[in-house]
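A.B. asks: here is a sequence with its predicted model. Questions after.
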Amino acid sequence: MAVTENLFWYGCNMTRHGEIIRLSQRLLEAVGVGAAPVGGPGACCGSPKESTPRIAEGMADRTMDKFNSWARGVPSPEGRESAVQKPGVITWCPSCHMNLDDFMGQSKAQDFDSRHLCEALWERRDALAPLLTHPVKARFLVDRHVGFHAQVPVNDIIPGLLSMIPGAEHVDHKLRGASYMCFGLANVPGALPDHLRATLDAVRESGADTLVTIFHSCHREMVGLERDHGVRVLNWVHLLAEGMGWDYTDDYKTWRNAPDKLAAIGPDRVAEAGEVAVRKLVLPELERPRPV
Amino acid sequence: MGARERMVARHEDWSALRASETARMTEACTQCGACAEACPMLPYAPAAQGAAAPELVRGVLDALAGGPSDPAALAWIAACTRTGSCNAACPEAVNPMLMLRLAKWRANETGALARRDASETMSRVKVFARLGFTEEEQREWL
């Protein structure tokens, strides 16, 4: 891991969204926060293996050791903005964030501070606002869930950040999905289709033309709505990037909505990733039935 | 560490944390049922339909203690998505959201609830990384 003042801990399932990781790092850098991305199986909070807690704990302990070792290698705070500021882990995933607070930091000493990406950007909003010079014409509704808001006020911060983009108009709605992101709903029969239908109703009722997702699992579930229901679907980081005038490509959305997924990915990329593995592990996800 | 203050661990490991939290929750919970009444996921737990809220909580506490619990409570535990509505409703600050999560872990261990199959999760994460990350990003970010 690079020796920067911060790590950007993107989690594990975010490997589907490389462009969001790149844009997040670039946004942080633009407001003066250096952060090296880290994630994947080698920096796991244990959440994917939660039904076997002993394994989850082992993975989480390894991640804490890795982060602590990194934090001890960060140069002393002399000359930094705050003399008592510790190295920081900037989180993306709410599962990681909550596991860090509820378990990892309760059973291991912690040599670093932590905060969510949206908090890190909100703290620097005075630096961010003047950089958002590219008008984006959008009436956006944010897909908000209730479960993580008590830890980090994402449901307020993210509309606040996006409202700094010239031309972008936040349209409020009372809808708050259950769980803390769509992943939880996808594992309970009937819950995700109900949330997607309620979201489409909210889009219509509010007159939104753009649906903004907060988390990766919500983005995975919502991008299909763009093809079938005529609403543009972006992640909040995508919208900020557009406000900065930055180009990006949302590969996952392209692949999920393409009639021929392998052709959309492209033969070279499939070959580089391993065609057998792509057919076994990626295609079933991209081709899964659409709940609505 | 110089001026940096190290945050110390409060528990030796997750087992100790779970044991401590289980004891605290068992003592603090009055089984009033406010958490179950506030839960928006109960409609997605068919086996819990018609069960009295205090009964559901008693079943969760039984699962938390490693007991067999009952179908209604297990259905509620399985349908929990950590919405947190229960925490806002709890008059005793039990943290029912964590209580159901720990009960689910215990029920997974005793076999009362089937484990979620996550055997391919990390393999899938790696293949997506190979598809979407450059070689340098794979070296630096994973």
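C.D. replies: Right, received. Where do you want to start? Residues are numbered from 1 along each chain as shown, chains lettered A, B, ... in the order given.
A.B. asks: residues from the stretch 51-200 of chain A in reach of chain B?
C.D. replies: With Cβ under 8 Å from any Cβ of the partner chain as the criterion, the stretch 51-200 of chain A meets chain B at residues A:51-53, A:56-57, A:60, A:72, A:76-77, A:83-84, A:86, A:98, A:102-103, A:105-111, A:145-147, A:149-150, A:178-180, A:184-185, A:187-191. (Each C-beta comes from the backbone N, C-alpha and C, glycine too.)
A.B. asks: how about a cut-off of 6 Å?
C.D. replies: Residues of the stretch 51-200 of chain A lying near chain B by Cβ under 6 Å from any Cβ of the partner chain: A:51, A:53, A:57, A:76, A:84, A:86, A:103, A:106-111, A:146-147, A:150, A:178-180, A:184, A:188, A:190-191.
A.B. asks: next step: those residues restricted to helices.
C.D. replies: Mapping these onto helices (DSSP state H) picks out A:53, A:57, A:106-107, A:184, A:191.
A.B. asks: could you single out the nearest of those residues to chain B?
C.D. replies: A:Gly184 (3.3 Å; Cβ to the nearest Cβ).
A.B. asks: check contacts around the closest one.
C.D. replies: Counting by Cβ atoms under 6 Å, 6 or more residues apart in numbering or on different chains, A:Gly184 touches B:Thr81.
A.B. asks: and with 10 Å instead?
C.D. replies: Under the criterion of Cβ atoms under 10 Å, 6 or more residues apart in numbering or on different chains, the neighbours of A:Gly184 are A:94-95, A:145, A:147, A:177-178, A:191-192, A:217, B:41, B:79-83.
A.B. asks: then A:Pro159?
C.D. replies: A:140-142, A:144, A:168, A:170-172, A:212, A:214, A:236.
A.B. asks: in helices only, show me those.
C.D. replies: Reading helices off the contacts of A:Pro159 with DSSP H, I get A:Trp236.
A.B. asks: out of the contacts of A:Pro159, flag the one nearest to B:Glu37.
C.D. replies: Nearest to B:Glu37 among the contacts of A:Pro159, counting by Cβ to Cβ, is A:Arg144 at 23.0 Å.
A.B. asks: what about that closest one, how many neighbours?
C.D. replies: 24 (other Cβ atoms under 10 Å in any protein chain shown).
A.B. asks: my read: it touches A:Val154, true?
C.D. replies: Yes: here A:Arg144 reaches A:Val154: they are 7.7 Å apart, a contact under Cβ atoms under 10 Å.
A.B. asks: what is in contact with these two at once?
C.D. replies: Shared contacts of A:Arg144 and A:Val154, counting by Cβ under 10 Å, 6+ apart, come down to A:Ile214.
A.B. asks: just the buried subset of the contacts of A:Pro159, written out for ChimeraX, thanks.
C.D. replies: To isolate in ChimeraX the members of these that are buried, counting by 16 or more other Cβ atoms under 10 Å in any protein chain shown, one can use:
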select /A:140,141,142,144,168,170,171,212,214,236
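A.B. asks: okay, which residue is most central for chain B?
C.D. replies: For chain B, the residue nearest the mean C-alpha position is B:Arg101 (1.3 Å; Cα atoms, centre = their mean).
A.B. asks: pLDDT wise, what is that one at?
C.D. replies: Per-residue pLDDT puts B:Arg101 at 95.
A.B. asks: secondary structure element for it?
C.D. replies: helix B:96-110 (DSSP states H and E).
A.B. asks: got a list of what A:Gln110 touches?
C.D. replies: A:Gln110 touches A:64, A:67-68, A:71, A:86, A:89, A:100, A:104, B:6-9, counting by Cβ under 10 Å, 6+ apart.
A.B. asks: number of nearby residues for A:Ile158?
C.D. replies: Neighbours of A:Ile158 under the rule other Cβ under 10 Å: 24.
A.B. asks: now the helix or strand that contains it: mean pLDDT?
C.D. replies: Secondary-structure element containing A:Ile158, defined by DSSP H and E: helix A:154-162. Averaged over helix A:154-162, pLDDT sits at 98.
A.B. asks: ditto for stretch B:104-112
C.D. replies: pLDDT averaged over stretch B:104-112 gives 94.
A.B. asks: tell me how far that stretch lies from the chain's centre.
C.D. replies: 11 Å (Cα atoms, centre = their mean, to the nearest Å).
A.B. asks: is it anywhere near chain A?
C.D. replies: Yes: counting by Cβ under 10 Å from any Cβ of the partner chain, chain A is contacted by stretch B:104-112 at B:104-109.
A.B. asks: can you list the weak-confidence ranges in the stretch 1-150 of chain A?
C.D. replies: A:1-3, A:76-85 (pLDDT under 70).
A.B. asks: tell me the confidence at the residue in chain B that chain A sits nearest to?
C.D. replies: Closest residue of chain B to chain A, Cβ to the nearest Cβ: B:Thr81 (3.3 Å). pLDDT for B:Thr81: 96.
A.B. asks: does it lie in a helix or a strand, and which?
C.D. replies: B:Thr81 belongs to no helix or strand when assigned by DSSP H and E.
A.B. asks: ok, it touching A:Met181?
C.D. replies: Yes: counting by Cβ under 10 Å, B:Thr81 touches A:Met181, with 9.1 Å between them.
A.B. asks: any shared contact partners between these two?
C.D. replies: Common neighbours of B:Thr81 and A:Met181 (Cβ under 10 Å, 6+ apart) are A:145, A:147.
A.B. asks: where do the strands sit along the stretch 151-292 of chain A?
C.D. replies: Along the stretch 151-292 of chain A, counting by DSSP state E, counting those that start in this stretch, strands occupy A:168-170, A:210-213, A:232-235.
A.B. asks: could you export those strands as CSV, including mean pLDDT and distance to A:Ala36?
C.D. replies: What follows is the strands of the stretch 151-292 of chain A, written out as CSV (pLDDT from 0 to 100; distance: least, Cβ to Cβ, whole Å):
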stretch, mean pLDDT, distance to A:Ala36
strand A:168-170, 98, 29
strand A:210-213, 98, 25
strand A:232-235, 98, 21
